[in-house]
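Colleague: Need a 3D model of the sequence below.
(one chain, ligands or ions: 1)
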Amino acid sequence: MLKMKDTYVVAVVGATGAVGNEMVATLEERNFPVQKLRLFASDRSEGKMLKYKDTDISVETLQENSFEGIDIALFSAGAERSKIWAPVAVQSGCVVVDNSSQWRMDPDVPLVVPEVNPGDLKWHKGIIANPNCSTIQMVVVLKPIHDAAKIVRVVVTTFQSVSGTGQKAIDELLQQTTDLLNFREATCTVYPYQIAFNVLPHIDKFLENDYTKEEMKMVNETRKILGDESLRVTATTVRVPVFRGHSESVNIETEKKLTANDVRAILSNAPGVVVFDAPHKNVYPFPVHVAGKDETYVGRIREDESIEKGINLWIVADNLRKGAALNAVQIAERLIGKA
Ligand SMILES: NC(=O)c1ccc[n+]([C@@H]2O[C@H](COP(=O)([O-])OP(=O)(O)OC[C@H]3O[C@@H](n4cnc5c(N)ncnc54)[C@H](OP(=O)(O)O)[C@@H]3O)[C@@H](O)[C@H]2O)c1
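Modeller: Residues are numbered from 1 along each chain as shown. Sure thing, here's the model as predicted:
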């Protein structure tokens, strides 16, 4: 378990990736008490120099003894790497905050959004899982409504940016856009079809039930974080040609009737949430507006007129920040008693 100190040796595993880069920036911006920062990635990046504050840090590859002397490791190098290396890190006495899907549904691993279920950090055994990006921004908004009126059903459709897939997808959208605007053909490597000027109802692999893995992550992770297995959730996850920021149309049904104004009042006091909702003045959140911001924005709050106790919400957040790096750093801050 983590010993309280003034400063900590911190590692970022997957430091050269879209999330890893943001983790390094977030540690710096939030002035995390870092004694030493170690950066890891694949052998493709060995020796590459990355900036942290005023220092250049050389990227290392992972070895059996890499985690010796490291207090906290933030992992964002994919599930396969987390499966192998997170237990190695724990064995070396390190606490792991893991961004991948590898440990999220393990009953021995807490799945934490600090504004929602910080109490679950108490029972960690060395690994704490960071939820899926689309789930994080949704539960930050649902939690206070659930507490006030008990949500019984959630229907969510997402509009997810390409940075949710990683750096290669960011490059692919840029390249395809450039090629198509220059009358060249688009080449598809990351996604099965062109993503520039297109919309794909397909995120992660298709499962036996014809949902995608991403959709079922939203169902199962939402229940685990809110601690309510009875909650009915159905999701459709869609990739859109946006670089940064996920949007979600969320319809909820509650046990207790809430008006749109009740929901605005509840969410106005919710930690990490900004109500950005004045439809008649064209005030609503969108990805370009939230990119680089820490909070989850919610707008288009209105009653669902097709049912007795329903509310529609439009939820937008920066997937690389609250959806990944910021949530992980916030977990680390809780672990060291900084938040
Ligand atoms: N993007 C998001 O919004 C988001 C949100 C939540 C969770 N996540 C999760 O975070 C993880 C990383 O996502 P990303 O978007 O940052 O992907 P990414 O841009 O593709 O970055 C992947 C990182 O993993 C490293 N890596 C690959 N193979 C490795 C190995 N064998 N040993 C050590 N490092 C290795 C890569 O290093 P090289 O540069 O050397 O290849 C790179 O630093 C994934 O598990 C993803 O599901 C992402």
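Colleague: Surely Leu173 forms part of a strand?
Modeller: No: secondary structure of Leu173 (DSSP: H, G, I helix; E, B strand; the rest coil): helix, not part of a strand.
Colleague: Would you mind measuring from it to the ligand?
Modeller: Separation of Leu173 from the ligand (CB to the nearest ligand atom, to the nearest Å): 13 Å. In this view, the C-beta of every residue, glycine as well, is placed from N, C-alpha and C.
Colleague: Quick check, pLDDT for that residue.
Modeller: Per-residue pLDDT puts Leu173 at 98.
Colleague: thinking it is in contact with Val162, fair?
Modeller: Yes: contact criterion CB atoms under 8 Å: Leu173 and Val162 qualify, at 4.7 Å.
Colleague: The helix or strand harbouring Met138: what's the following helix or strand?
Modeller: For Met138, the host element (DSSP states H and E) is helix 133-149. Using DSSP H and E, the helix or strand that follows helix 133-149 in sequence is strand 151-160.
Colleague: Now that next one: buried residues?
Modeller: Neighbour counts over strand 151-160 (16 or more other CB atoms under 10 Å) mark Ile151, Val154, Val155, Val156, Thr157, Thr158, Phe159, Gln160 as buried.
Colleague: Wait, Met23 touches Gln330, no?
Modeller: No: between Met23 and Gln330 there is no contact under CB under 8 Å: 11.5 Å.
Colleague: Neighbour count for these two, which is higher?
Modeller: Ranked by neighbour count (other CB atoms under 10 Å), Met23 and Gln330 place Met23 first, with 29 against 24.
Colleague: so which helix or strand takes in that one?
Modeller: Going by DSSP H and E, Met23 is in helix 18-29.
Colleague: Nearest to the ligand: which residue in the stretch 51-200 of the chain?
Modeller: Gly166 (2.9 Å; CB to the nearest ligand atom).
Colleague: same deal with the stretch 1-150 of the chain?
Modeller: Nearest residue of the stretch 1-150 of the chain to the ligand: Gly17, at 2.1 Å (CB to the nearest ligand atom).
Colleague: just to revisit the earlier point, quick one, the helix holding Met138 and strand 151-160 angle?
Modeller: 150 degrees (axes from the mean of the first three to the mean of the last three CA atoms, to 10 degrees).
Colleague: Dump helix 133-149 to CSV, restricted to CA.
Modeller: Below are the C-alpha coordinates for helix 133-149, written out as CSV (Å, rounded to 0.1, in the frame of the first residue of the first chain):
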residue,chain,number,x,y,z
CYS,A,133,-14.0,7.6,-21.3
SER,A,134,-17.7,7.6,-22.4
THR,A,135,-18.7,6.1,-19.1
ILE,A,136,-16.8,8.6,-16.9
GLN,A,137,-18.5,11.7,-18.4
MET,A,138,-21.9,10.0,-18.2
VAL,A,139,-21.7,8.9,-14.5
VAL,A,140,-20.4,12.2,-13.3
VAL,A,141,-23.7,13.7,-14.4
LEU,A,142,-26.0,10.7,-13.6
LYS,A,143,-24.8,10.2,-10.0
PRO,A,144,-26.4,13.3,-8.4
ILE,A,145,-29.6,12.7,-10.3
HIS,A,146,-29.6,9.0,-9.2
ASP,A,147,-29.1,10.1,-5.6
ALA,A,148,-32.0,12.5,-5.9
ALA,A,149,-34.6,10.5,-7.9
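Colleague: Over that helix, what's the mean pLDDT, rounded is fine.
Modeller: Average pLDDT, helix 133-149: 98.
Colleague: For it, buried residues please.
Modeller: The neighbour-count check on helix 133-149 (16+ other CB under 10 Å) flags 133-146, 148-149 as buried.
Colleague: How about stretch 39-49?
Modeller: Neighbour counts over stretch 39-49 (16+ other CB under 10 Å) mark Leu39, Phe40, Ala41, Ser45 as buried.
Colleague: how about CSV for these, with distance to the ligand, secondary structure and pLDDT added?
Modeller: Below are the buried residues of stretch 39-49 laid out as CSV (distance: CB to the nearest ligand atom, whole Å; DSSP: H, G, I helix; E, B strand; the rest coil; pLDDT from 0 to 100):
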residue, distance to the ligand, secondary structure, pLDDT
Leu39, 9, strand, 98
Phe40, 6, strand, 98
Ala41, 3, coil, 98
Ser45, 3, helix, 98
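Colleague: Look up how far Met4 lies from Asn99.
Modeller: Distance of Asn99 to Met4, computed by CB to CB, to the nearest Å: 24 Å.
Colleague: Around the ligand, pick out the residues from the protein.
Modeller: 14-20, 40-42, 44-45, 62, 76-79, 81, 99-100, 133, 163-164, 166-168, 319-320, 323-324 (CB under 6 Å from any ligand atom).
Colleague: Got a ChimeraX select line for the buried ones in the residues you listed?
Modeller: Those of the residues of the chain next to the ligand that count as buried under 16+ other CB under 10 Å are selected in ChimeraX with:
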select :14,15,16,17,18,19,20,40,41,45,62,76,77,78,81,99,100,133,163,164,166,167,319,320,323,324
